[in-house]
Structures are given as structure tokens and as C-alpha cells.
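>>> I need the structure of the sequence given here:
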Amino acid sequence: MADLTADAMQHPLVYTKGRRDEAVLEILHELKLNGISHRTEKAIESKVRRFEREFNSVLKWLEANRLSANEILTRWQKC
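I've put the predicted structure just below:
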């Protein structure tokens, strides 16, 4: 995540490894509470990592087009 812009790092969806691990366990717990028990911790972590890569790709595109992630998120929230 070292290549993320400073304002993107402030976004609550950016996880450190520790926060990612917490998120994976929380997702696993919520799934089990809702009767979904066939998902493994490894599978959930894989999906979270994929989402992180996609998020990072979007941030790079925004940066390449001189757009601010915070600006886009603010505009989106107003819609």
C-alpha cells in the first residue's frame, strides 16, 4: 500500500494487515450468524485482498487523471 496517495490512506476502507485480519474474522462471524458456514477464512481473505487490489487500481487511475479520491467520494455521497 506504499504507493497510495495521502488522502486515499485516510479513507476508512484502507486496511492495514491487522485491520484486514479483523475484517476477515468479522465477516466470517457474521456469515456464521446468518447460517452461512461453507466459507473458509482463507476464501474470505482472498476476496478481501482482491477488493483491495481493485480499490488500489481505482486510486491509481484517479491519481493518473489528477482526481482526488476524497473529492470523488464527496461528490458521490451528495448524489
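
>>> ok, longest helix in the protein?
Secondary structure of the chain per DSSP state H: the longest helix is helix 41-64.

>>> quick one: it to chain centroid distance?
The chain centre lies 6 Å from the centre of helix 41-64; the measure is C-alpha atoms, centre = their mean, to the nearest Å.

>>> how about it: buried residues?
Buried residues in helix 41-64, counting neighbours by 16 or more other C-beta atoms under 10 Å, are found at 44-45, 48, 55, 59, 62-63. Quick note: C-beta positions are derived from backbone N, CA and C, even for glycine.

>>> cool, stretch 22-39 as well?
24, 27-28.

>>> any chance of TSV for those, columns distance to K17 and secondary structure?
Below are the buried residues of stretch 22-39 laid out as TSV (distance: C-beta to C-beta, whole Å; DSSP: H, G, I helix; E, B strand; the rest coil):
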residue	distance to K17	secondary structure
V24	11	helix
I27	16	helix
L28	17	helix
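
>>> checking H38 next. Helix, strand or coil?
coil (DSSP: H, G, I helix; E, B strand; the rest coil).

>>> quick one: list the elements packing against the helix or strand harbouring H29.
Assigned by DSSP states H and E, H29 belongs to helix 17-33. Helices and strands touching helix 17-33, by 3 or more C-beta pairs under 8 Å, 6 or more residues apart in numbering; DSSP states H and E, are helix 41-64.

>>> now the angle from the helix it packs on to helix 17-33?
Comparing the axes of helix 41-64 and helix 17-33 via axes from the mean of the first three to the mean of the last three C-alpha atoms, to 10 degrees yields an angle of 130 degrees.

>>> need the next SSE after helix 41-64, C-terminal direction.
Counting by DSSP H and E, what follows helix 41-64 is helix 69-78.

>>> so where is the protein shaky, pLDDT-wise?
For the chain, the stretches flagged by pLDDT under 70 are 1-16.

>>> that older thread, now distance to R20 too, for the buried residues of helix 41-64, in JSON lines please.
Shown next, in JSON lines, are those (distance: C-beta to C-beta, whole Å):
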{"residue": "I44", "distance to R20": "10"}
{"residue": "E45", "distance to R20": "7"}
{"residue": "V48", "distance to R20": "6"}
{"residue": "F55", "distance to R20": "12"}
{"residue": "L59", "distance to R20": "17"}
{"residue": "L62", "distance to R20": "22"}
{"residue": "E63", "distance to R20": "22"}
